[in-house]
Every structure is written in structure tokens, then in C-alpha cells.
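S.K.: fold the following and give me the result.
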Amino acid sequence: MPRKKLLIINVAALGSDLAAKIPGFSFRNAASEFPAVTCTSQATFRTASPSQVHGMVSNGLFFKDLRKVLFWEQSTALVQGARIWEKFRAQGGTVGMMFWQQSLGEAVDIVLSPAPIHKHGGGMIQDCYCEPRDLYARLIAGVGRPFNLMNYWGPLASRKSSDWIVDATLAVLAQGQTAPDLLLTYIPHLDYDLQRYGPDSPQAAKALDVLGGYLTRLRTQAEAQGYDWLIFGDYAIEAATRGAVFPNRALREAGLFATRDVKGMNYADFFTSRAFAVTDHQIAHVYAPGAESCARAKEILLKLDGVDAVLDRAEQQSLGVAHPSGGDLLLIAAQGAWFAYPWWNEKREAPDFASHVDIHNKPGYDPCELFFGWPPMSVSSDVSRIKGTHGRGGAGNAIGWSSSLSFGQQPSTFLELSGATKTWLDAEK
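M.R.: Sure thing, here's the model as predicted:
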């Protein structure tokens, strides 16, 4: 019996309005998962469950035992729950994940993910984690160059990252019978210029045109190798017309956010803070243990211009996003606004990491890392340069699939899409 094969392509920032401009493809509109950020969306897809079940409540988590915020951690154990491919794999199907978040240690047949080594004396050794252990070396030989992490995030982030990932995906598909039956890959570059310049910018239009070429190449190769294909965006980006909101500044001014001064630089003290916000695009998890601190934090944050809602745990439960990893309060930005993590007002107070690309240790997502700042080789701190944002969710997500891939009833939400994919994988060929 022929094996069932499926190529899944997650395109960062592919909203249905943009997808409609890609020639040769037909996309449907679907409601995004909330919050509409990368790690939450990918965890939702691979488990067919919401964030209150799988636990990836944002791209970063506050680890309460450590009293530490960590973003973009890659252990698969952070995503709780069964995977949509478990029955498929138990029946003999093979699975591969390329450049998906939280894939390290996943029980699949192929894993490829950036995993640089940060040197003790500064700098880093670029590398990718892979299973099997010779996969990355084989792909370097096939693609003709190693993956450059500088093109994946930071001021030099560009289509070059997608170039490499698409070429590597094509190389894996070309392996024929040894290629995974289910292959999940990721195309990141559209997100960069939509955040930098906005979804209606000429730069966004150019990035979208490039994406159309990638999708055509992937579809052609997939169909030649007998694969069905599924394309989806994990979120849609909206124009950042209202700009940045600074919840931690407000909490610090109210005496709830504690800091410590180190050689004139101001660092967060998560051991004694009564309230602080872990910001991530248009949402922020606020940790304020104790009824009094929580009530005071909510009162303060509701007054900030650009805050649409402040949800306590009961309200989060009714929305389906409550999880022990989440905040005591959940902030949702108003349309066109986004949350910035800084708690200081003067640049001289900024911690040393503020002027660097430091995606793991900053206690909040920092889109300013997409721009160079001053002095040379530093990153910008000018929040006014950010022209696109996401996270609020709602309508606008794009999904499309090959005509031979039958989902029965058309999925109208992101969660329904993952459930329909699981049903398709579970069914006999």
C-alpha cells in the first residue's frame, strides 16, 4: 500500500490578506490561535490543543522556581500533550521537523534546528542541532553552504535564512524513500520586513513576491515526490500605528517592580518584585503573586494608553488561555499597539544586554533587535522604528492545501486545522 505523505509549511506572518496576492495558490481565511505568536501557534498545531493545555503561553516563559525569564528555549518537554502524529508514527510513518520551535528531544525521525555555542569569552560558534547526527553536514554539502544564524534574527535578518531552509527542505524531499513521510518546515523571512516597515510597505511586497517563488518550488518538489502539502501562517501582522506601551515602567514607578543598580546599570530583581510583565508582541504575562499586588497592578495597567484588556486568571480561564505557566494577569494590547519590555527611562540606565541581540535572556521580546543602533554593532533601542506587530489573534490567518488533501469540513480556526490534520494522519490510506 502506498505510504501517506505530507509536507507542512509554516510561513511566519502569512495573513490571508497577503496570501491572496500570491499567484497560483488558493488560500482560505481562518481565525488565529490566541495568543498569535510563534511558539504558541506551533505548539497548538502539533498538539491540536490550546495554550491552557500545552503550556506554551508565549515565546517566553517565567520559570518560577528559578525566578528567571527565558525566551525561545528549545526543549520539546516545554510543550505538554500528545502530538498529532503519534498514531501515524506508531503505524510506521516517519516524521521530520526542520526549524520548528521546541523540537530538541522530540520523538521524531529527523530534527534540524539552530543551536549555536556561546563562547565563554564572547562570540559564538554557529551550528545546528540535528538528528540523525550527520544530517546537517549532509545538508551543508547539498545546499553548498552552512546556515547563517545572522540571517535568521537580528539586524541582518533577511530572505537568506529562508533561502537556506527552502533549499535544505528540497534536499530532504529529494531523498525519495528515505525522506520523512510527514515533514514540517518553516519559512521565516516575511516576518522581518513586515515588523520593520509594516504590512503595506514596498519591502513587505518584495518579501511576499520572494515567498511565492519558494512556495512554488516546494509544491513542485513535493508533488513530484508524491506528497500532499499544507501551508499555513501562524499569525497575521497589523500596522503598529499606536506604537509601544511600557508596562514595566509603570509598575516600577508604582513601586511594584524591583530593580538593582550594578555599576550604574539597572537590572530587574525578580526575587523581590511584587509585579512585573513578560512582554511578547501584543500580549504580556504579568506575574503579581498575592491578591493585593495583583489588584494594584491591574489598577495601574488598565490606565495605560494602548492596553485593551487586563485579564485575571478567571477571565483567562473563560478565554481558554489559563495555564500555571501564565501570568496572574494577561495584558492584551489595543489594535496597533505593542508591549515593550524596558523598565528604565534613561539610556544610561539600560542593562548591558539591552544594546545587543540577546533573545534568550531579555525578559521580553525585543523587535528593536531587527535594527542596528549606535554605537556601531549595537542594536537599536528606538521603538518608533517598529511598524508591524501581532499577537492579538482573531481573523486573518491564511491556510491552503493541495486539492488531494481532504479535510472534510473546512477548518475555520487554527485549532480546527490542527485537529483536521491529526484526523487525516490517523486515517488509513
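S.K.: what's the biggest helix by length in the chain in contact with?
M.R.: As assigned by DSSP state H, the longest helix anywhere in the chain is helix 202-224. Helix 202-224 has contacts (Cβ atoms under 8 Å, 6 or more residues apart in numbering) with 7, 9, 11, 14, 18, 21-25, 159, 162, 166, 169-170, 173-174, 185, 187, 189-190, 192-194, 196-198, 228-229, 231, 388, 402. (Glycine included, C-beta is placed from N, CA and C.)
S.K.: again, only using 6 Å
M.R.: Counting by Cβ atoms under 6 Å, 6 or more residues apart in numbering, helix 202-224 makes contact with 7, 18, 22, 159, 166, 170, 173, 187, 189-190, 193-194, 197, 229, all of which sit outside it.
S.K.: buried ones among those?
M.R.: Buried members of the contacts of helix 202-224, counted by 16 or more other Cβ atoms under 10 Å: 7, 18, 22, 159, 166, 170, 173, 187, 189-190, 193-194, 197, 229.
S.K.: and the residues you listed, which of them are in strands?
M.R.: In strands, judged by DSSP state E, the following of the buried ones among the contacts of helix 202-224 are found: 7, 187, 229.
S.K.: who's in contact with residue 79?
M.R.: Taking Cβ under 6 Å, 6+ apart as the contact definition, residue 79 lies against 43, 54, 56, 102.
S.K.: hmm, the second one is touching residue 80, no?
M.R.: Yes - the pair residue 54 and residue 80 passes the contact test of Cβ atoms under 6 Å, sitting 5.2 Å apart.
S.K.: neighbour count: those two, which is higher?
M.R.: Per other Cβ atoms under 10 Å, whichever of residue 54 and residue 80 has more neighbours is residue 54, with 25 against 14.
S.K.: just read off the phi/psi values of residue 9.
M.R.: Geometry field for residue 9 lists phi and psi as phi -120, psi 110, criterion degrees, to the nearest 10.
S.K.: measure it to residue 374 for me?
M.R.: Counting by Cβ to Cβ, to the nearest Å, the gap from residue 9 to residue 374 is 38 Å.
S.K.: between the two, which is the more surrounded one?
M.R.: When residue 9 and residue 374 are compared for neighbours, residue 9 comes out ahead with 23 against 11, by other Cβ under 10 Å.
S.K.: name the next helix or strand downstream of the strand or helix carrying residue 299, please.
M.R.: Assignment of secondary structure by DSSP states H and E places residue 299 within helix 291-302. Scanning forward in sequence from helix 291-302, with DSSP H and E defining helices and strands, the next element found is strand 307-312.
S.K.: what about residue 107, which SS state?
M.R.: Under the three-state scheme (DSSP: H, G, I helix; E, B strand; the rest coil), residue 107 adopts coil.
S.K.: about what we covered before: tell me what the helix holding residue 299 is packed against?
M.R.: With contacts taken as 3 or more Cβ pairs under 6 Å, 6 or more residues apart in numbering; DSSP states H and E, helix 291-302 sits against strand 307-312.
S.K.: direction included, what does the strand it packs on pair up with?
M.R.: Taking DSSP bridges as the criterion, strand 307-312 sits next to strand 329-333 (antiparallel) in its sheet.
S.K.: which residues touch the partner strand?
M.R.: So strand 329-333 is contacted by 282-284, 286, 298, 306-311, 316, 339 (Cβ under 6 Å, 6+ apart).
S.K.: buried residues in stretch 303-314?
M.R.: Taking 16+ other Cβ under 10 Å as the basis for neighbour counts, the residues of stretch 303-314 that come out buried are 304, 306, 307, 309, 310, 311, 312.
S.K.: and the furthest pair within the residues you listed?
M.R.: Within the buried residues of stretch 303-314, two members stand farthest from each other by Cβ to Cβ: 306 and 312, at 19.6 Å.
S.K.: quick one, strands of the stretch 1-150 of the chain?
M.R.: Under the criterion DSSP state E, counting those that start in this stretch, the stretch 1-150 of the chain contains strands at 6-11, 28-32, 60-63, 68-71, 95-98, 110-114, 117-118, 124-125, 128-131.
S.K.: just put these in CSV and tack on mean pLDDT and distance to residue 292.
M.R.: Conversion of those to CSV gives the following (pLDDT from 0 to 100; distance: least, Cβ to Cβ, whole Å):
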stretch, mean pLDDT, distance to residue 292
strand 6-11, 98, 42
strand 28-32, 93, 35
strand 60-63, 97, 20
strand 68-71, 97, 23
strand 95-98, 98, 45
strand 110-114, 98, 43
strand 117-118, 90, 40
strand 124-125, 92, 44
strand 128-131, 98, 45
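S.K.: got any ranges where the protein has weak pLDDT?
M.R.: Low-confidence segments of the chain, defined by pLDDT under 70, span residues 1-2, 429.
S.K.: show me the helices in it, by range?
M.R.: Counting by DSSP H, the chain forms helices over residues 16-19, 38-47, 51-54, 86-90, 135-143, 159-173, 190-197, 202-224, 247-253, 291-302, 313-319, 414-426, given from the N-terminal end onward.
S.K.: most neighbours per residue, which of the ones you listed?
M.R.: Mean neighbour count, computed with mean count of other Cβ atoms under 10 Å, is highest for helix 38-47 among the helices of the chain, reaching a mean of 26.
S.K.: longest strand in this structure, please.
M.R.: For the chain, the longest strand by residue count, based on DSSP E, is strand 394-401.
S.K.: rewinding a little: out of the strands of the stretch 1-150 of the chain, flag the one nearest residue 347.
M.R.: Nearest to residue 347 among the strands of the stretch 1-150 of the chain is strand 68-71 (21.8 Å), distances taken as Cβ to Cβ.
S.K.: mind saving the C-alpha coords of the closest one as CSV?
M.R.: Output of strand 68-71 as CSV, limited to C-alpha atoms (Å, rounded to 0.1, in the frame of the first residue of the first chain):
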residue,chain,number,x,y,z
LYS,A,68,14.0,33.8,35.8
VAL,A,69,12.5,34.6,32.4
LEU,A,70,13.8,32.7,29.4
PHE,A,71,12.7,33.2,25.8
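S.K.: pull the distance from that strand to the chain's centre.
M.R.: The chain centroid and the centroid of strand 68-71 are separated by 15 Å, computed with Cα atoms, centre = their mean, to the nearest Å.
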